[in-house]
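> sequence and predicted structure are below.
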Amino acid sequence: MSDLSKIAKKEIKELLTPATLVPIIIIAILFGSLGGMFSGAEDELNEPPRIALIDNDAGILSDVAYQVLNQTAEIVYTGSNVQEALRTLDDNDGVALFIIPSNFTSNILDNRTGTIEAYWIMKGAGFMDTLPSAVAENVLISVDQSISATLITYDLSDNATIILNPTQLAETTMFKDKEMSGISPMAISTVMSSQSFIMPLIVMMVIIYAGSIVISSMGSEKENKTLETLLTMPIGRSSIVFGKLLGAAVVGLLMAVIYMLGMSFYYNSLIGSTSIDLAQYGLTLGLVDYLLVGASLFAALVFALALCMILGIFTKNYKAAQTMTMPVTFLAMIPMFVTMFTDFDTLPLVGKILVFAIPFSHPMIAMRSLMFDDYVLVIAGIAYSTIMALLAMFVAVTLFKKDILLTGKAVSQEKLDKFPILVAMMKMSKKRRR
Amino acid sequence: MFSVEVNNLVKSYGSFQAVKGISFNVREGEVYGLIGPNGAGKTTTLRILSTLLEITGGEVKIQGIDLKARPDEVRKVISYLPEDAGAYKHLRGREYLKFIAQFFAQGQEAEDLVSRGMEIANLGDRIDDKVEAYSKGMARRLLVARALMIRPKLAILDELTSGLDVLNAQEIRRVVKSYASQGTTMLLSSHNMLEVELLCDRIALINDGKIVAEGTPNELKEKYGANNIEEVFVRVVRE
């Protein structure tokens, strides 16, 4: 074996450890799941949307509209009762109720635009949640085109404007007990994406920055042997723990503010003047809402820091500390991806439980939930995150009083003796290291 | 009065016993040395007395305070210098002393502690350099200063001069001796037998977690018919 291969072999052995492999595998799985989500989106785009139709016109052009809708969408209700139509849509997981008014055909034939009333049933404000309504919007474009073709074929109009655009849409979006006139789910989702994308990203960055500060601080204290001095001084263990947490929180938040400023400039330059003012639809946050978002972020941050402190207790040096941040990063990435692309409300039950159980999810979903007055979810999230944060802090302070802080051994021999397989695995691992 | 009272101290890590029921007392103002081979249990004993490790069995009293029941009170009267201790590298020497001093005193009193620390460290202008720029000897002098400037009732010094050159080691020994004469009890461990002989009023030889011999340097040399403590050490360990 040449010197080159000897050195290369040693390097590979040193570098190819579970600590380096596991994060890559988990990232690959996460991206794989994202790919799965997008292929799911493709399926959704190919599926005909479920709609309800109330035709109050029964003219030739409304008949054209019906024919097109019948071919391109799945009509789950045809009748004349709006409430019944909405109920049927709800039962059948439908997307929209289209109402063709009685003057639809006559207006177009009189060279006036025919109006189709659309009541969009919006289930979530995530990007994935608006796909069905986007498909239904395309169906209405087909209706418009077919009516144009009918007008030309049967020479029903000589007004070019009407022939090109015979119909217009009067939209109302219904989402979480709110009725918003003149706006489509896609428009709402696009505007709300500032929260959908930026908030989770900021929360994740704060948690990762502040978390890695705590873990690195512990790794550095252990590596430089300054921790032992600190622990033998007349300073309460809780003061050491909370002092470290506070320092990391301040620096983490400062980093987040800098990051947020950059991101908001970037985002504003992208959106520009096309932005729709959601305030006119009652989608605004008041002072109490912002306080709740702040409380949610604070509880999640304290939990993250306490969790990192616990991980830091097990770290032996600065290098090991770097890999210890990985579990926290993954915990923050899961809700970030989920909230970016979908809505908590539209998740399956298992997904809801998983996302709720991760305290980092709550500040990510808080803004959107508060905009739609879902105070129960936000307050429950804050309460849960606070309990988890207190629990994590209690564990951190308790561990600070134990030998494990210095010895780094998590399991006593007596406990190990009860798990012979674990002992065998540890022995094998030690042998390999030697 | 005893500054340190250790009775039948036991420390176990699972089924492994690092300290097997040792007992010794250190009088106030005394310099007491623990010597023994690597892994004998010296550092474990010092770490227990410094409140870093939990007691598995037995009893320890520092300045009459029960260590197991009131570790927070013990921390007010001790100062511990670990073998390979470091200081915060981003701080300057003076800043490090100030950082430590503020936990023991406020205002002018804290400033007096820092002045005393600077005197012990004897680093001249280099006291205002960053710790990361210090040589090993300079860093150790700063740490000894940190440990002694507060005039603790008990200073626990693990491998006081480990890795230092003769000049630095001699300087540090001089400081320790001086503070001992002013009333601080010193409990130290060392592999340097000459250092132990020069510094300690009494010595305990520890081997395999047990104290196998104890006495003044002269008593031990006489008992084992040895010319120096190194010879005593070799004989005791081989027995």
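Looks like it came in fine. Everything quoted here is computed from the prediction, not taken from an experiment.

> centroid residue for chain B?
B:Leu157 (1.5 Å; C-alpha atoms, centre = their mean).

> against B:Lys177, how distant is that residue?
Note on B:Leu157: its distance to B:Lys177, by C-beta to C-beta, to the nearest Å, is 12 Å. For every residue, glycine as well, the C-beta is placed using N, CA and C.

> ok, back up a step: the residue nearest to the centre of chain B: which element?
In this assignment (DSSP states H and E), B:Leu157 forms part of strand B:154-158.

> can I get that strand in CSV, CA atoms only?
Backbone C-alpha positions of strand B:154-158 (Å, rounded to 0.1, in the frame of the first residue of the first chain) are rendered in CSV as follows:
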residue,chain,number,x,y,z
LEU,B,154,-8.7,26.2,51.0
ALA,B,155,-6.8,26.1,47.7
ILE,B,156,-7.0,22.8,45.8
LEU,B,157,-4.2,22.6,43.3
ASP,B,158,-4.0,19.7,40.9
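
> residues contacting that strand, please?
B:3-4, B:26, B:42-43, B:46, B:49-50, B:62-63, B:77-83, B:144, B:147-148, B:176, B:179, B:184-189 (C-beta atoms under 8 Å, 6 or more residues apart in numbering or on different chains).

> again with stretch B:28-38
With C-beta under 8 Å, 6+ apart as the criterion, stretch B:28-38 contacts B:1-4, B:24, B:26, B:42, B:45-46, B:153, B:176-177, B:180-181, B:183-191, B:193, B:196, B:199-207, B:229, B:233, B:237.

> mind checking which of those residues land in helices?
Judged by DSSP state H, these include B:42, B:45-46, B:176-177, B:180-181, B:193, B:196, B:199, B:229, B:233, B:237 as members of helices.

> pick out the lowest-pLDDT one from those residues.
Across the set of the ones in helices among the contacts of stretch B:28-38, B:Val237 stands lowest in pLDDT, at 80.

> what sits against that residue?
If you count contacts by C-beta under 8 Å, 6+ apart, then B:Val237 has B:36-37, B:205, B:207 around it.

> could you turn the buried ones of the residues you listed into a ChimeraX selection?
Command for ChimeraX that selects the buried part of these, burial taken from 16 or more other C-beta atoms under 10 Å in any protein chain shown:
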select /B:36,205,207
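
> farthest-separated two in the contacts of B:Val237?
Greatest spatial distance among the contacts of B:Val237 (C-beta to C-beta): B:Pro37 and B:Leu205, at 9.7 Å.

> wait, isn't B:Pro152 in contact with B:Ser79?
Yes: using C-beta atoms under 8 Å, B:Pro152 is in contact with B:Ser79, at 3.8 Å.

> the two: who's more crowded?
For B:Pro152 versus B:Ser79, neighbours defined as other C-beta atoms under 10 Å in any protein chain shown are more numerous around B:Ser79 (25 against 21).

> just list the residues touching the more buried one, thanks.
By C-beta under 8 Å, 6+ apart, B:Ser79 lies in contact with A:232, B:146-148, B:150, B:152, B:154-156.

> what is the nearest of those residues to A:Asn159?
The closest of the contacts of B:Ser79, once distances to A:Asn159 are taken by C-beta to C-beta, is A:Thr232, at 91.2 Å.

> read off the pLDDT value for the closest one.
On the pLDDT scale, A:Thr232 gets 93.

> can you give me the distance of it to chain B?
Relative to chain B, A:Thr232 is positioned 4 Å away (criterion: C-beta to the nearest C-beta, to the nearest Å).
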